[in-house]
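>>> can you look at this prediction? I've put the sequence above it.
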Amino acid sequence: MSEPQAGPIGVAVVGAGTVGARVVQQIAEHAEDLRSRIGLPVQVTGVAVRDAGRDRPELGDVPVTTDAVVLAADPSASIVVELMGGVEQAHAVVTAALRRGASVVTANKALLAAHGVELHRLARENHADLYYEGAVAGAIPLLRPLRESFVGDHITKVLGIVNGTTNYILTQMTDEGSDYAAALKQAQDLGYAEADPTADVSGQDSAAKAVILARLAFHTDIDASQVSVEGIESVSVADIEAARAMGFVIKLLAVAELVDGEGVVVRVHPALVPQNHPLSSVRGPFNAVFVSASAAGDVMFYGRGAGGAPTASAVVGDIVTAARNLAAGSRGFAVEPYAALATLPLGRARTRYYVNLHVADEPGVLATVATAFAAHGVSISVVRQDGAGDEASLVVRTHEATDAALSATVASLRELPAVRNVVGVMRVEGQA
Ligand code: HSE
């Protein structure tokens, strides 16, 4: 225990973008409620901005500085809120705060994915809190349930849509037939995308969130070099239409799962989801995450996953939690990567697949194709053939198989003279 803090809780906010400005406003708007909930008033001691020359009426009379590290090191703030984004400077800010024993609230998934274990250790050593509910799935309470509510259970899989920008883009392409570029521009205009949307559309933003989820779910560090990441850049309206014809929608999924009790696979990729699965109706910037646990079964979390106000809701929630701990002279439980599980390569993941082939329409071709699947131990569940003339389109759906077996099958298919083109391969997630 530390001495309970007696005076106002000083909060330094680093970053005044879409989320930072909303956080400052939310603290001002709800000042009386926050005082009652914490037992002490919250006082924003300063805001670090990139451009001090800009007029910022939204920040009221809060002092503004451009020196983020000096603000974070200032002892008048017992909580430092990092919302500047990026990794290097954010790391300097957060470590400066933790080293002097200040608690840190951040929504910076890239920082946490890269340095989460180190930052938790620093927080523990300095008797400080480190909270980051806003880093994954915006307003949705997800990390606190993983840290606290499921802590007595055994999580086996976390699967979901954790990027609002890509979900918005895929939704616009599915519902409106919009092209990719127009949908991306709309997502940026609405404030869902990162400053550089490459991180969103390439799947890197989802991957950082998947690493954070995996660490909390499985109590282990994650080897980033083994995380498999595929974005939505190559998903076309034609793919979406083909999926629709088969009763599926295409979603960008983040998956972290225990495999054979030996290790964890973390993967991000577009996947086919049955139209009657709850994830298929998660539209626009909304996120949804399924947590599967031995005792609890499947639990679904759903809500707004991007945007200033929803993320600010999670950030201010963390500020209140850290402030209550300070007022009580206590700290939250530390996150320990005690399980030390291996991060396994994508080849170890098990899922179902859809393989779309263009083949010669001749006797024996179906048998040859089926033999290639059987040779790698991949069991076929559905085959559909369409087309006339000398070429047919063959859609094969499989039962569950390892990614390694499916990749080997596809490599063999490419070698077959009867297979003219492997048009598409996609994973299928979620039972209809
Ligand atoms: N760019 C992110 C998204 C914001 O679209 O989900 C929230 O992390």
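Thanks, I have it. Numbers count the residues shown, from 1 in each chain.
>>> show the pLDDT at residue 388.
For residue 388, the model assigns a pLDDT of 69.
>>> which bits of the stretch 1-150 of the chain sit near the ligand?
By the rule Cβ under 6 Å from any ligand atom, the part of the stretch 1-150 of the chain lying against the ligand is residue 138. Where you see a C-beta, it was placed from the backbone N, CA and C, and this is true even at glycine.
>>> where does pLDDT dip in the stretch 1-150 of the chain?
1 (pLDDT under 70).
>>> so what's the residue in it positioned nearest to the ligand up against?
Residue nearest to the ligand within the stretch 1-150 of the chain: residue 138 (5.6 Å; Cβ to the nearest ligand atom). Taking Cβ atoms under 8 Å, 6 or more residues apart in numbering as the contact definition, residue 138 lies against 164, 287, 303, 304, 305, 306, 307, 310, 311, 313, 314.
>>> which parts of the chain belong to which domain?
Split into domains by automatic domain parsing, the chain comes to 9-139+308-328, 145-303, 349-428.
>>> any idea how far the last one is from the chain center?
Domain 349-428 has its C-alpha centroid displaced from the chain centroid by 31 Å (Cα atoms, centre = their mean, to the nearest Å).
>>> shouldn't the residue of the stretch 1-150 of the chain closest to the ligand be within a strand?
No: residue state for residue 138 (DSSP: H, G, I helix; E, B strand; the rest coil) corresponds to coil; a strand is not indicated.
>>> next up, phi/psi of it, please.
Note on residue 138: its backbone torsions stand at phi 40, psi -120 [degrees, to the nearest 10].
>>> how near is it to residue 81?
Separation of residue 138 from residue 81 (Cβ to Cβ, to the nearest Å): 16 Å.
>>> need the domains of the chain in CSV with distance to residue 334, can you?
Formatted as CSV, these follow (distance: least, Cβ to Cβ, whole Å):
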stretch, distance to residue 334
domain 9-139+308-328, 4
domain 145-303, 10
domain 349-428, 30
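>>> ok, which of those domains comes nearest residue 337?
Between residue 337 and the domains of the chain, the shortest separation by Cβ to Cβ is 4.4 Å, and it involves domain 145-303.
>>> rewinding a little: of all the domains of the chain, which one comes closest to residue 341?
Nearest to residue 341, of all the domains of the chain, is domain 145-303, at 4.1 Å by Cβ to Cβ.
>>> pull up the distance across the closest one, start to finish.
15 Å (Cα to Cα, to the nearest Å).
>>> now do the SS call for the residue of the stretch 301-432 of the chain found nearest the ligand.
Proximity of the stretch 301-432 of the chain to the ligand (Cβ to the nearest ligand atom) peaks at residue 306, 3.7 Å away. Here residue 306 takes the coil state, with states given by three-state DSSP.
>>> what does residue 58 give?
helix.
>>> what's the answer for the one 3 residues further on, then?
Using three-state DSSP, the structure places residue 61 in coil.
>>> tell me, how many neighbours does it end up with?
By the criterion of other Cβ atoms under 10 Å, residue 61 has 7 neighbours.
>>> for it, phi and psi?
Backbone torsions of residue 61, given as degrees, to the nearest 10, read phi -100, psi 20.
>>> tell me which of the domains of the chain lies nearest to residue 339.
domain 145-303 (4.2 Å).
>>> flag every residue of the stretch 301-432 of the chain that's near the ligand.
With the criterion set to Cβ under 6 Å from any ligand atom, the stretch 301-432 of the chain comes near the ligand through 305, 306.
>>> helices of the stretch 301-432 of the chain, start to end?
Ranges of helices in the stretch 301-432 of the chain, per DSSP state H, counting those that start in this stretch, are 308-328, 365-375, 403-415.
>>> export the second one as PDB, just CAs?
What follows is helix 365-375 as a C-alpha-only set of coordinates in PDB (Å, rounded to 0.1, in the frame of the first residue of the first chain):
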ATOM      1  CA  VAL A 365     -10.500 -34.100 -63.000                       C
ATOM      2  CA  LEU A 366     -12.800 -34.100 -60.000                       C
ATOM      3  CA  ALA A 367     -11.100 -37.400 -58.800                       C
ATOM      4  CA  THR A 368      -7.600 -35.900 -59.300                       C
ATOM      5  CA  VAL A 369      -8.500 -32.800 -57.400                       C
ATOM      6  CA  ALA A 370     -10.100 -34.800 -54.600                       C
ATOM      7  CA  THR A 371      -7.000 -37.000 -54.400                       C
ATOM      8  CA  ALA A 372      -4.800 -33.900 -53.900                       C
ATOM      9  CA  PHE A 373      -6.900 -33.000 -50.900                       C
ATOM     10  CA  ALA A 374      -6.800 -36.500 -49.500                       C
ATOM     11  CA  ALA A 375      -3.100 -36.900 -50.000                       C
END
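>>> just the residues contacting that helix, thanks.
Residues from elsewhere that reach helix 365-375, judged by Cβ under 8 Å, 6+ apart: 357, 359, 379-380, 383, 385, 392, 394, 396, 398, 409, 412-413, 416, 418-419.
>>> give me that answer again for 7 Å
Residues from elsewhere that reach helix 365-375 (Cβ atoms under 7 Å, 6 or more residues apart in numbering): 357, 359, 380, 394, 398, 409, 412, 413, 416, 418.
>>> the fifth one: what's it in contact with?
Applying Cβ under 7 Å, 6+ apart, one finds that residue 398 lies in contact with 352, 353, 373, 378, 379, 380, 381.
>>> report the beta-bridge partners for it.
Assessed by DSSP bridges, residue 398 has beta-bridge partners residue 380.
>>> per-residue confidence for it?
97.
>>> likewise for the second one?
The predicted local confidence for residue 359 comes out at a pLDDT of 96.
>>> quick one: contacts for it?
By Cβ under 7 Å, 6+ apart, the neighbours of residue 359 are 365, 369, 392, 394, 418, 419, 420.
>>> could you dump the residues you listed into TSV and include pLDDT?
Formatted as TSV, those follow (pLDDT from 0 to 100):
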residue	pLDDT
365	94
369	97
392	91
394	93
418	95
419	97
420	96
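>>> residue closest to the middle of this structure?
residue 209 (3.2 Å; Cα atoms, centre = their mean).
>>> mind checking the pLDDT average for the host helix or strand of that residue?
Assigned by DSSP states H and E, residue 209 belongs to helix 204-218. Averaged over helix 204-218, pLDDT sits at 98.
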